Structures are given as structure tokens and as C-alpha cells.
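Participant: pasting the sequence and the predicted model now:
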Amino acid sequence: MLTIEHLNCGYGKHEILHDISVTIPDKKITAIVGQSGCGKTTFLKTLNRMVEEEQGYTTGKISLGNTDIKSISKETLRSRIGMVFQQPIAFPHSIEKNLTYVLKYYGIRDKKVLSEKVEESLKKAKLYKEVKDQLKKSALKLSGGQKQRLAIARSLCVNPEILLLDEPCSALDMKNTIAIEETLMELKGQYTFVIVTHNLGQAKRIADQIIFMDQGKILEVTDKETFFDSPATELAREQIQYM
Ligand SMILES: Nc1ncnc2c1ncn2[C@@H]1O[C@H](COP(=O)(O)OP(=O)(O)OP(=O)(O)O)[C@@H](O)[C@H]1O
């Protein structure tokens, strides 16, 4: 479980997130929603300390289980809390190498284990059937939707506990969006997902918990049914009305 207590975050003198406290439940899908610029991505990036790569500061405490994430090395933390970005990233190597280089980085060398993990993670990301005969081909030839599923496979191959997804479907068509939503729904018993989405329909389809943000604050944290059936704030009501 990820517990966030009195989190503030900003860049330079500009504070973006103000006193955020919330719990991310295990093996569920939590969707972070809210208007553009309210701080959804910044919040997501605090959870695996990505925000520090952009010289952002944080105060307050984020705990993974009972451990403060600041006391975990970034490499270890990011193997436990993976991240998938808005633009699908495929490295200019073979499909297989896109996964094995991560596994090798984390110390796995045995060829049989590497190939088992490649197959397993591609299956989890629902990409295996499409690429099983072309694992040595360049990943750059994949479609946008396939590249995003490859990015998910790459995050899953090191067996994280939590996967953060920042608008993973915003560059994809409906068919690929549905494939990714189905993948997350199937895997949620095994992993904890936190997804930033501007698409309330997507949050309604796949989320268990909704975090509704505005101007760097959390206005509402609730289960999906409560959020969509009887939102607590006028702002949420307005946004749901126009979805
Ligand atoms: N690296 C950065 N340096 C300085 N300011 C930043 C940085 N990243 C984000 N911000 C600022 O933080 C605020 C929140 O941005 P953020 O991307 O977290 O919002 P968001 O809710 O995810 O927006 P959107 O839905 O449009 O993606 C914005 O004012 C943005 O300009």
C-alpha cells in the first residue's frame, strides 16, 4: 500500500501540490482526474521520485508499505513502482531487446530466464500473439498501440508492485485504448495501478478508486460509484455532466 501524508511539491518557488494526503489501495486501479494543469502528472511523478529528475522538491511523506520512499534508492524504487508515459516509448532495438536490456540492468543474465520473462511480460501486456514470430525485429516498426503495450510489458518484466500510467491512451485510437483498458482490468489482481486520465469515461470503465484534483489539491477521494452517482463537489458534478 502507498500512503501519502501532507505532501507538498513544487518547482523553484512555485508550489504545485498542496497538502495532499491519500492512500492508494493494493491491487486496485486508482484514477487521478481533474482539469488540465491541476497537478495530476506532478502528483504521479512524486510517487516514484521522478519529480526529482526535473529539479522538483517535495515535503511530507510517501510510504511504500512501512518504508519512506526517500530511504529507497531510485533504482530499487523504480523497479517496485514502474511508470508508463503518455507517448509510447520504444527504443531503437529489437522487440526482445527492449525488454532484456531492463532485465539485464537488474542483474538477470541467464538466457532461459530472460526469454521466459520476455514471453511472460509480453503475454501480460497482450502483445505476445502479435509479435511472437518477430521478436528480433525492430520495435520501431510497431504501431503506436503496440508500442504502448510494449512499454507496459517493459515495466512489468521486472515484476513491480505498482504501475503508474500517465495518460497512457491519449495518443491511441479506441481499439488500442480498449486493449490497454482490458489489460489493466485483467492484471489488477496482481498489481496496483495508478492512472492519470483526462477521460472520465475511462475512469468510469476501469477505476476502483477516484482521486479528483483541482488547483493542486485533492477535492474528493472515493469509490467510482459514489464519484459518478453523487459527486461531492459542484466542479465534479459539472465535469461529469459534460463527459
Ligand atoms: N518540470 C516542471 N517545471 C516547472 N513547472 C512544472 C513542471 N511540470 C509541471 N509544471 C507545472 O505544474 C502545474 C501542473 O502541471 P501538471 O502537468 O502536473 O498538470 P496536469 O493536471 O497533469 O495537466 P494536464 O492534464 O494538462 O496534463 C502546471 O502549472 C505546470 O506548468
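Facilitator: Structure received.
Participant: what does this structure have sitting close to the ligand?
Facilitator: For the chain, the contact set with the ligand under Cβ under 6 Å from any ligand atom comprises 11, 16, 34, 36, 37, 38, 39, 40, 41, 42, 54, 198. C-betas here are computed from N, CA, C, even on glycine.
Participant: filter those residues to the buried ones?
Facilitator: Among these, those classed as buried by 16 or more other Cβ atoms under 10 Å are 16, 34, 38, 39, 40, 41, 42.
Participant: can I get these in JSON lines with pLDDT?
Facilitator: JSON lines is the format used below for these (pLDDT from 0 to 100):
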{"residue": "16", "pLDDT": "98"}
{"residue": "34", "pLDDT": "96"}
{"residue": "38", "pLDDT": "97"}
{"residue": "39", "pLDDT": "97"}
{"residue": "40", "pLDDT": "98"}
{"residue": "41", "pLDDT": "97"}
{"residue": "42", "pLDDT": "98"}
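Participant: just the ones of those residues in strands?
Facilitator: 16, 34 (DSSP state E).
Participant: state the pair within the buried ones among the residues of the chain next to the ligand that is farthest apart.
Facilitator: The span of these, defined through Cβ to Cβ, is set by 16 and 34 at 12.5 Å.
Participant: between the two, which contacts overlap?
Facilitator: Counting by Cβ atoms under 8 Å, 6 or more residues apart in numbering, residue 16 and residue 34 have no common neighbour.
Participant: distance of the residue lying closest to residue 106 once chain neighbours are set aside relative to the ligand?
Facilitator: Leaving aside its sequence neighbours, residue 106 sits nearest to residue 158 (Cβ to Cβ, 6 or more residues apart in numbering; 5.4 Å). According to Cβ to the nearest ligand atom, to the nearest Å, residue 158 and the ligand sit 26 Å apart.
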